[in-house]
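Student: based on what follows, work out the 3D shape:
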Amino acid sequence: MKKIIFKTLLLATVLYSVTGCITVVELGDLNMVSTRNVDTKGDYALLRNYMGGTKKELKKSKAINLEQAINAVVKQTPGGEFLKNVKVYQVRKFGSKSAFYAVEGDVWGVAGNQNMRGYTLGMKVQYPCGIENGLPKKCIGTITDLTNDIQCQVKDDETGKVTTEKYSNLKKAE
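Tutor: Take a look at the predicted model:
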């Protein structure tokens, strides 16, 4: 009886570890890539380094073509226009017949054009920061980083503590 339980647990452990596997193949390197028209005389600045290349981001990739992969990385950075120093990957998930694509690179764009969902760097916002007397407490803070299209970093004006907040929880403060 103990052997059957042991074999069953061993088989379950092996199957669990194998089903989470992905295979990542680097297809090549590119100097610059964009899916939009780029003004060659424009004044662009480096906004973020090495975006899109973490193992977690590679696992989450659902881009069925290169254009979708590039747009996914560029849109994560507010003001992003194109990528430089790009690595292109093909991602295969265990048991899947289809392949997905992912890219990693430096995001470049117009530095003063950082705007995400109507919020900009340095903007004063109101956000929930706990419960006081059974009601949600509202704090006032300043946006210090537009992290991605879902959340940003807010520095509390009273405590100076920096927290990650979702855009859906923010309101513009007057």
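Student: strand partners of the top strand by length along the chain, parallel vs antiparallel please.
Tutor: Looking across the chain with DSSP state E, the single longest strand is strand 80-93. Paired neighbours of strand 80-93 in the sheet (DSSP bridges): strand 22-33 (antiparallel), strand 99-109 (antiparallel).
Student: pick the most deeply packed of the ones you listed.
Tutor: Scoring these by mean neighbour count under mean count of other Cβ atoms under 10 Å gives strand 99-109 as the most buried, with a mean of 22. Just so you know, the C-beta spots here come from the backbone N, C-alpha and C atoms, and that holds for glycine as well.
Student: and it, C-alpha only, in PDB?
Tutor: C-alpha atoms of strand 99-109 as PDB (Å, rounded to 0.1, in the frame of the first residue of the first chain):
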ATOM      1  CA  ALA A  99       4.700  28.800 -30.800                       C
ATOM      2  CA  PHE A 100       4.600  32.300 -29.300                       C
ATOM      3  CA  TYR A 101       7.000  35.100 -29.800                       C
ATOM      4  CA  ALA A 102       8.600  37.500 -27.300                       C
ATOM      5  CA  VAL A 103      11.100  40.300 -27.500                       C
ATOM      6  CA  GLU A 104      13.500  41.900 -25.100                       C
ATOM      7  CA  GLY A 105      15.100  45.300 -25.500                       C
ATOM      8  CA  ASP A 106      15.600  48.900 -24.500                       C
ATOM      9  CA  VAL A 107      12.500  51.100 -24.900                       C
ATOM     10  CA  TRP A 108      13.100  54.500 -26.400                       C
ATOM     11  CA  GLY A 109      10.600  57.300 -26.800                       C
END
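Student: now it: how far from the chain's centre is it?
Tutor: Centroid separation for strand 99-109 versus its chain: 11 Å, with Cα atoms, centre = their mean, to the nearest Å.
Student: who touches the helix or strand that comes right after it?
Tutor: Remark: after strand 99-109, the chain's next helix or strand is strand 115-116, criterion DSSP states H and E. Strand 115-116 is contacted from outside by Pro78, Gly79, Leu146, Asn148, Asp149, Cys152, Tyr167, using Cβ atoms under 8 Å, 6 or more residues apart in numbering.
Student: isn't there a helix covering the fourth one?
Tutor: No - inclusion of Asn148 in a helix is not indicated when DSSP: H, G, I helix; E, B strand; the rest coil is applied; the result is coil.
Student: quick check, it in contact with Gln76.
Tutor: Yes - contact criterion Cβ atoms under 8 Å: Asn148 and Gln76 qualify, at 4.6 Å.
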